[in-house]
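S.K.: Please find the sequence and the predicted model below.
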Amino acid sequence: MSPRRLRIRIQILLTAAVVTANLIGIAIAISLAGFGIPEPSVFTRELILVNFLAVPVYASVALIIGVSIGTVMMVRALRWSILGETPTPADARRAVRAQRRLVLLQLVLWFGAAAMLGLLYGLHDPELIPKAVLVVAMSGAVVAAVSNLFTDVLLRPVWAKILQAGLGLRGKSVRWQAVMSWAIGSGIPLAGILLVVFFSTYVSESSRTSLFVSVTVLVAIAVAVGLLAVYLFAWTVTGPIRSVRDGMARVRTGDVSEDVDVIVYDGSELGEMQYGFNTMIAGLREEERLRDIFGRHVGRDVAAAAMRADPQLGGTAQTVAVVFVDVMGSTELAAERPPEEVVTLLNRFFAVIVEATESNRGLVNKFEGDAVLSIFGAPIGLDDPAGAALRAAREIAQRLAAEVPELQAGIGVSYGPVVAGNVGAIQRFEYTVIGDPVNESARISEIAKRDPRRPWAAQRAIAAAAPGEAARWKLETTEVLRGRDAATEIFVARVIPYAPHQRSGDDDPRAETGDAPRADRSND
């Protein structure tokens, strides 16, 4: 909305609020003067000029003055809001003072009317002075209170901007609003009834019927005005509570996004409640972000286990399956391409492995330069960890050939007992597995570089897998792995996926020298 349209909208709303409050006051004054306190009567022939000339003229002029000066004063004080600027402490003080001055202006105009009418009616009959002054003053108090409630509701967007800027609104409290609502709905009408009894007893002799009518009129006014006051007060109180309630309902469903934040627009304790809710949601959002980052770094299963209990150093003996994937020709790749391009290519490569591992309920335990270690069966147990690892290895081989043809890798699978747990120091540790299957999978990945189109696996992984998965593999060779004395039977997947091009394992310097991958060296 343009600043001009926003200014006009504010002027219209404030004008409507002030006019409505004054019309309520005029209706109350006429009811009190004519029926609530009928004696002494103001409807006599001698007071025609006062009733039909002086009163309408003053009411019209006062209404014009109250509306024009009040709205102009408010618009000037809210210029920063109309222009969409961030309020300063001085802007916040001016906005609060402008609202108070608007209410005070209505009170002054009504008290001026009380003084003028008291004088005009007193010139005709001195007994009318207290009646005129009290009736008009009471009506003016109602107008001021209703104007304050109306403008407080209409200016909620302004209060919201002030509070969002970290600025407080002094003088606003639920207790004060409740007292004002009571004064409008009960205090002033009770004072009116007291005045009726006073005038009936000491000023003029009134019949029981007249007294009954007067009290009935005052009770009707009290009910109507009280209902309006309670409704406005309930509106101001339930609005912030409802916004927090709706936000809590969304939080219970797991939604902690920024859309859940409520707009803080109340300057009382309810606004502090709204602000506290937003602070709580910000903490939950930050906790969720840290949990997500933590899960990305160490694996979501490891992160969930760490969240459930305080992690301790050490581990437990478990039987797991391990998949080790090592890129071929990484040295030449780094020498031939810019570092940024190498990183982008490796990220595509790693994405395939992560997706294939997690889709088979495994854990990508670590990235070692251009190699990846995945675990199946820890920290979350699986019914068939060997079968899951073999399926993941086949999926990795097929997807790398189709999605990352620029890279080829040796894929080794092993199975057996390991120690899984937290290794390091109490200040800094990581979850990992240590045992012969890790070393064996790394050694097999070296041999797998002879034919990187297919994954290679140790015989014990095939033997431990379910029959359906084991049938997909065949014995390829029996070799003594580096660092071992006994020979190991090594199997390969029966289905050979199509590879756009193939790079010889001899291109890998580690294949020539026989050096083990870094993950392998770390577990020797």
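M.R.: On my side now, so go ahead. Residues are numbered from 1 along each chain as shown.
S.K.: Mind giving me the packing neighbours of the helix ranked longest in the chain?
M.R.: The helix spanning the most residues in the chain, taking DSSP state H as the definition, is helix 208-252. The contact analysis (3 or more Cβ pairs under 8 Å, 6 or more residues apart in numbering; DSSP states H and E) places helix 208-252 against helix 3-31, helix 128-154, helix 174-182, helix 188-198, helix 269-298. For every residue, glycine as well, the C-beta is placed using N, CA and C.
S.K.: Would you tell me which of those gets closest to Arg453?
M.R.: helix 269-298 (30.3 Å; Cβ to Cβ).
S.K.: any idea how far that closest one is from the chain center?
M.R.: The gap between where helix 269-298 is centred and where its chain is centred comes out at 8 Å by Cα atoms, centre = their mean, to the nearest Å.
S.K.: now the angle between helix 174-182 and it, please.
M.R.: Inter-element angle recorded for helix 269-298 and helix 174-182: 140 degrees (by axes from the mean of the first three to the mean of the last three Cα atoms, to 10 degrees).
S.K.: now the angle between helix 208-252 and helix 269-298, please.
M.R.: Orientation check (the same axes, to 10 degrees): helix 269-298 against helix 208-252 gives 10 degrees.
S.K.: Which neighbouring elements make contact with helix 269-298?
M.R.: helix 156-164, helix 208-252, helix 300-308.
S.K.: JSON lines please, covering the helices and strands packed on helix 208-252 and showing distance to Asp451 and mean pLDDT.
M.R.: Below are these laid out as JSON lines (distance: least, Cβ to Cβ, whole Å; pLDDT from 0 to 100):
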{"stretch": "helix 3-31", "distance to Asp451": "72", "mean pLDDT": "83"}
{"stretch": "helix 128-154", "distance to Asp451": "77", "mean pLDDT": "82"}
{"stretch": "helix 174-182", "distance to Asp451": "77", "mean pLDDT": "73"}
{"stretch": "helix 188-198", "distance to Asp451": "96", "mean pLDDT": "71"}
{"stretch": "helix 269-298", "distance to Asp451": "33", "mean pLDDT": "73"}
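S.K.: Surely Ala62 is in contact with Ala113?
M.R.: Yes - Ala62 sits in contact with Ala113 when judged by Cβ atoms under 8 Å, with a separation of 6.4 Å.
S.K.: between the two, who's got more neighbours?
M.R.: Under the neighbour definition other Cβ atoms under 10 Å, Ala62 and Ala113 were set side by side, and Ala113 has more, 23 against 19.
S.K.: The more buried one - nearest residue in space that isn't next to it in sequence?
M.R.: Val136 (5.2 Å; Cβ to Cβ, 6 or more residues apart in numbering).
S.K.: which residues does the one you found contact?
M.R.: In this structure, Val136 makes contact with 29, 110-111, 113-114, 117-118, judged by Cβ atoms under 8 Å, 6 or more residues apart in numbering.
S.K.: Just to be sure, Tyr431 is in a helix?
M.R.: No - counting by DSSP: H, G, I helix; E, B strand; the rest coil, Tyr431 is not part of a helix but strand.
S.K.: Now the weakest link among the helices and strands packed on helix 269-298, please, by mean pLDDT.
M.R.: Considering the helices and strands packed on helix 269-298 one by one, the lowest average pLDDT is found for helix 300-308, at a mean of 54.
S.K.: C-terminal to it, what's the next element?
M.R.: Per DSSP states H and E, helix 300-308 leads on to strand 314-327 as the next helix or strand towards the C-terminus.
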